[in-house]
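Participant: Here is a sequence with its predicted model. Questions after.
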Amino acid sequence: MAKAKTAAAQPFLTDIKTLRARARKHIEDGAVTAGYQADRATVVKLLNEALATELVCILRYKRHYFMASGINADAVAQEFLQHATEEQGHADLIATRIVQLKGEPDFNPEGLAMRSHAEYVEGDSLIDMIREDLVAERIAIESYGEMIRYIGDKDTTTRRMLEGILAMEEEHADDLSSLLEDLAR
């Protein structure tokens, strides 16, 4: 009974007059309102590392697409190309969010591999390429999971974006794992 009174005493939403007044303050901050609870500089730094990771993955997948050869190469190459395209979509989402947070997406090729969580490993054979891509996807899965836990409820928009990307990275890892199993038969 006491809990019901406490919940009823606290309004669900800030009153409209206060919401309107807060929205007018610091209007130059765009989507970042006073209710934003994360450390924006840290989130932008993490997102720029994620952007670098996606860009390195795009480059590796594109190389693997063009270098795939052998009896099973056509199907595997198409998988590489699809993953490269999806990683490009992730990079675009991340860059857009960085700008929304009033940061600058870092596309500078100098130091790209250093900022990336995943490595750029070429692989000598189709199996090696698949393995290297799987390792990179596993790194991305771990990285995105850590970012999501760090951000928590402090930036729900970024968290939801990262959760969507994480789901696709897990799908990529599953695809690559299946390819390895198929080629081992």
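Facilitator: Ah, there it is. Residues are numbered from 1 along each chain as shown.
Participant: Report pLDDT for the nearest residue to Asp74 once chain neighbours are set aside.
Facilitator: When the adjacent residues along the chain are set aside, Asp74 lies closest to Ala68, with 7.9 Å between them (Cβ to Cβ, 6 or more residues apart in numbering). From N, CA and C alone the C-beta is placed, and that goes for glycine too. pLDDT, Ala68: 94.
Participant: for Lys102, same thing?
Facilitator: Lys102 is assigned 92 on the pLDDT scale.
Participant: State the number of residues packed around it.
Facilitator: When counting by other Cβ atoms under 10 Å, one arrives at 13 neighbours for Lys102.
Participant: any idea whether it is helix, strand or coil?
Facilitator: Counting by DSSP: H, G, I helix; E, B strand; the rest coil, the backbone at Lys102 sits in coil.
Participant: Could you report the distance from it to Ala136?
Facilitator: Separation of Lys102 from Ala136 (Cβ to Cβ, to the nearest Å): 30 Å.
Participant: Quick check: next helix or strand after the helix or strand bottoming out on mean pLDDT in the chain?
Facilitator: Lowest by mean pLDDT, DSSP states H and E among the helices and strands of the chain is helix 2-9, with a mean of 52. Going down the chain from helix 2-9, the next helix or strand is helix 16-24, by DSSP states H and E.
Participant: need the contact list for Val135.
Facilitator: Ala118, Glu119, Val121 (Cβ atoms under 8 Å, 6 or more residues apart in numbering).
Participant: Can you flag the buried ones in those?
Facilitator: Buried by 16 or more other Cβ atoms under 10 Å: Ala118, out of the contacts of Val135.
Participant: so which of the contacts of Val135 comes closest to Glu169?
Facilitator: Of all the contacts of Val135, Glu169 sits closest to Ala118, with 10.3 Å by Cβ to Cβ.
Participant: in stretch 70-90, what's buried?
Facilitator: Those would be Val76, Ala77, Glu79, Phe80, Leu81, His83, Ala84, Glu86, Glu87, Gln88, His90, for stretch 70-90 by 16+ other Cβ under 10 Å.
Participant: what's the pLDDT at the fourth one?
Facilitator: Here, the pLDDT recorded for Phe80 equals 97.
Participant: Test my guess that it contacts Leu59.
Facilitator: No: the criterion here is Cβ atoms under 8 Å, and Phe80 misses it with Leu59 at 11.6 Å.
Participant: which residues in the chain form helices?
Facilitator: Ranges of helices in the chain, per DSSP state H, are 2-9, 16-24, 40-67, 73-100, 112-115, 126-151, 156-184.
Participant: now for these, which one comes closest to Asp106?
Facilitator: Asp106 lies closest, by Cβ to Cβ, to one member of those: helix 40-67, at 4.6 Å.
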